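Participant: 3D, please:
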Amino acid sequence: MSELIKVENGKATLALNIPKEDYVSALESAYRRLGHKYRVPGFRAGKAPRKVIEQNYGMDAFWDNELDACVQKAYSDAISEHGLAPELQPNIEFTEVSEETGVSLTAEVVLRPIVTLGQYKGIEAPAIEYNVSDEEVDAEILKRRQAVSTMESVDRPVEDGDEVAFDFAGYLDGEQFEGGSAENFSLRIGSHTFIPGFEEQMVGMTVGEERDLNVTFPEDYQAENLAGKPVVFKVKVHSISVEKIPELDDEFVKDTSEFDTVDEYRAAVRKELEDAAEERAKNERINAIVQKAVDNAEVEIHEDIIDEEVHAQIHRFENQLRQLGTTLEGYLEYAQLSMDDLHRDYEEAAKRNLKAQYVLFAIIDEEKLEPSDEDFIAAIKRSDAARREHWDDEKIAAELEKNRFRYASQALNEALIRFLVENSVEAKAD
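Facilitator: Numbering: from 1, shown residues only. Alright, predicted model coming up:
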């Protein structure tokens with residue numbers, strides 16, 4: 001039995017009842033399984049009556065999974081009876097627990113937000129096009145040449161762009177300060193890794209030379225004891241190296257690619273960049289269409305749902321920090337933030353993400369979308385494994401046959417995107 005007491009502000013309150021027969025039956029069942037664990041003076045092990053055990057150990061001595069299941073069944077039946085769509089776990093409060101009358105309780109539950117869809121068909125979005133220039137091709141090829149470059153020692157003074165290995169120690173008012181020293185530190189001069197003025201003063205130094213560098217820490221430097229302070233760094237150069245980038249010739253092409261000539265290699269790099277530009281343009285248009293569909297809808301999201309999402313995001317961030325060998329507390333201290341600051345930072349993103357999630361699911365429901373085999377194949381192709389291992393059509397077909405269910409969510413998303421794009425309108429250029 002249940003009663004829907006009220007629905008307001010995105011929450012429903014239910015009055016539930018577990019009949020005394022079900023309650024007593026669950027108690028007796030738990031007693032038969034667990035009674036032997038309790039020791040009561042005057043009774044042999046496992047022979048004390050249930051009520052005597054409850055008098056000694058409390059009325060909840062036998063409240064276990066079976067009674068929890070009774071509560072869950074009463075709650076589930078009430079949800080179905082009143083046609084509610086809960087979004088979070090309910091808040092349960094017991095108002096009466098008795099073998100004479102059964103169990104009475106209330107359940108307060110946050111409901112799934114109601115979405116009022118706006119326009120999502122016929123959305124105008126421009127066709128985006130990115131042209132790959134010769135300069136971009138040259139830059140990409142240079143990046144690939146630099147990836148296989150080597151470092152070559154040189155016997156000359158330090159120049160901008162050199163890789164220098166050196167010792168350094170920082171002094172504030174004549175005293176060496178913590179965290180300001182290292183040995184055989186490697187630095188690319190001109191990378192602006194160090195504070196302003198440091199790298200510039202190393203230009204012209206030679207191997208074995210020692211020099212005092214006078215610099216001033218920025219006013220906003222994170223270490224308050226150093227912020228805005230003039231300091232001296234004592235440095236000694238051990239080695240100077242210059243990057244040796246291989247020439248772009250047929251030999252380089254043969255050694256680093258499947259091609260034989262520079263022209264073939266350049267054409268292949270251009271094709272890769274053009275394919276990436278086309279994919280980028282396609283995704284940007286998709287994102288524009290999806291965002292308009294979301295913006296056109298209205299959703300009232302209960303604050304409890306937002307809080308749950310924020311806490312989930314913070315928990316994921318905490319796990320990432322742990323994998324990097326640090327803690328959330330350490331990060332907050334370093335960033336000079338409080339937990340309230342972090343919560344506020346995540347809150348706006350949580351609101352945006354949740355709204356998009358509810359709107360897109362509402363479109364799926366409204367249009368009764370179902371993914372096709374093509375959508376499953378597209379989802380598989382986008383998977384990390386398929387991209388990383390360059391799966392061919394045969395491998396993708398085998399994955400679809402073997403692990404279709406694994407890609408159900410992604411395939412449904414592909415179906416939604418396809419639907420929105422097919423029902424969009426290409427906006428004319430101004």
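
Participant: The stretch 301-430 of the chain: strands as residue ranges?
Facilitator: Secondary structure of the stretch 301-430 of the chain (DSSP state E, counting those that start in this stretch): strands at 425-427.

Participant: Likewise for the stretch 101-250 of the chain?
Facilitator: For the stretch 101-250 of the chain, the strands defined by DSSP E, counting those that start in this stretch cover 102-110, 115-116, 124-126, 150-153, 163-172, 175-188, 210-216, 230-244.

Participant: Include mean neighbour count and distance to E374 when you put these into TSV, please.
Facilitator: Heads up, the C-betas are built off the backbone N, CA and C, glycines and all. Formatted as TSV, the entries for the strands of the stretch 101-250 of the chain read as follows, by neighbours: other CB atoms under 10 Å; distance: least, CB to CB, whole Å:
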stretch	mean neighbour count	distance to E374
strand 102-110	19	37
strand 115-116	16	27
strand 124-126	15	22
strand 150-153	11	47
strand 163-172	18	51
strand 175-188	13	48
strand 210-216	14	61
strand 230-244	16	47
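
Participant: nearest to G197, of the ones you listed?
Facilitator: Between G197 and the strands of the stretch 101-250 of the chain, the shortest separation by CB to CB is 4.3 Å, and it involves strand 210-216.

Participant: Quick one: closest of the strands of the stretch 101-250 of the chain to L14.
Facilitator: When the strands of the stretch 101-250 of the chain are compared (using CB to CB), the closest one is strand 102-110, at 4.6 Å.

Participant: What about the residue nearest to L226 when sequence neighbours are not counted, how many residues nearby?
Facilitator: Nearest-residue entry for L226: F217, 4.6 Å, with adjacent residues in sequence omitted and distances by CB to CB, 6 or more residues apart in numbering. Using other CB atoms under 10 Å, F217 has 20 other residues around it.

Participant: coming back round to it: which one of the strands of the stretch 101-250 of the chain lies nearest to V290?
Facilitator: Closest of the strands of the stretch 101-250 of the chain to V290 is strand 124-126, at 9.6 Å (criterion: CB to CB).

Participant: Mind giving me the packing neighbours of that closest one?
Facilitator: With contacts defined as 3 or more CB pairs under 8 Å, 6 or more residues apart in numbering; DSSP states H and E, strand 124-126 has these neighbours: helix 262-295, strand 425-427.

Participant: Pipe the strands of the stretch 101-250 of the chain into TSV and attach distance to A276 per row.
Facilitator: Converted to TSV, those look like this (distance: least, CB to CB, whole Å):
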stretch	distance to A276
strand 102-110	43
strand 115-116	35
strand 124-126	20
strand 150-153	28
strand 163-172	30
strand 175-188	28
strand 210-216	41
strand 230-244	26
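
Participant: Redo the ones you listed as TSV? Include mean pLDDT.
Facilitator: Formatted as TSV, these follow (pLDDT from 0 to 100):
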stretch	mean pLDDT
strand 102-110	92
strand 115-116	96
strand 124-126	92
strand 150-153	94
strand 163-172	96
strand 175-188	94
strand 210-216	96
strand 230-244	96
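
Participant: And those strands: which comes nearest N287?
Facilitator: Taking the strands of the stretch 101-250 of the chain one by one with CB to CB, strand 124-126 is closest: 9.3 Å.

Participant: List the strands paired with that closest one, with their directions.
Facilitator: Its sheet considered, strand 124-126 pairs with strand 425-427 (parallel) by DSSP bridges.

Participant: buried set for the partner strand?
Facilitator: Taking 16 or more other CB atoms under 10 Å as the neighbour-count basis, strand 425-427 is seen to contain no buried residue.

Participant: Averaged pLDDT, it. What do you get?
Facilitator: For strand 425-427, mean pLDDT is 87.

Participant: okay if I get the helices and strands packed on strand 124-126 as CSV plus distance to L412?
Facilitator: Putting these into CSV (distance: least, CB to CB, whole Å) gives the following:
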stretch, distance to L412
helix 262-295, 14
strand 425-427, 24
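
Participant: that older thread, select, out of the strands of the stretch 101-250 of the chain, the one closest to L324.
Facilitator: Closest among those, once you apply CB to CB, is strand 175-188, at 19.0 Å.

Participant: most tightly surrounded among the helices and strands packed on strand 124-126?
Facilitator: Per-stretch averages of neighbours, counted by mean count of other CB atoms under 10 Å, single out helix 262-295 among those, with a mean of 15.

Participant: For the helix or strand just after it, which helices and strands make contact with it?
Facilitator: Note on helix 262-295: by DSSP states H and E, the next helix or strand toward the C-terminus is strand 298-299. Helices and strands touching strand 298-299, by 3+ CB pairs under 8 Å, 6+ apart, are strand 115-116, helix 339-367.

Participant: Could you dump the ones you listed into JSON lines and include distance to E28?
Facilitator: Output for these, formatted as JSON lines (distance: least, CB to CB, whole Å):
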{"stretch": "strand 115-116", "distance to E28": "47"}
{"stretch": "helix 339-367", "distance to E28": "44"}
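
Participant: V269: which of those is closest?
Facilitator: Counting by CB to CB, V269 lies closest to helix 339-367 out of the helices and strands packed on strand 298-299; the figure is 35.9 Å.

Participant: ok, now how distant is E28 from K20?
Facilitator: 12 Å (CB to CB, to the nearest Å).

Participant: swap in S383?
Facilitator: Plainly put, S383 is 54 Å away from K20 if you go by CB to CB.

Participant: Comparing these two, which shows the higher neighbour count?
Facilitator: S383 (17 against 14).

Participant: pLDDT wise, what is the more buried one at?
Facilitator: Per-residue pLDDT puts S383 at 93.

Participant: try R32
Facilitator: Looking at R32, its pLDDT stands at 67.

Participant: Next: E303.
Facilitator: At E303, the pLDDT value in this model is 94.

Participant: can you check G46 too?
Facilitator: pLDDT for G46: 67.

Participant: and if you look at E347?
Facilitator: Note on E347: pLDDT of 94.

Participant: That'll do, ta.
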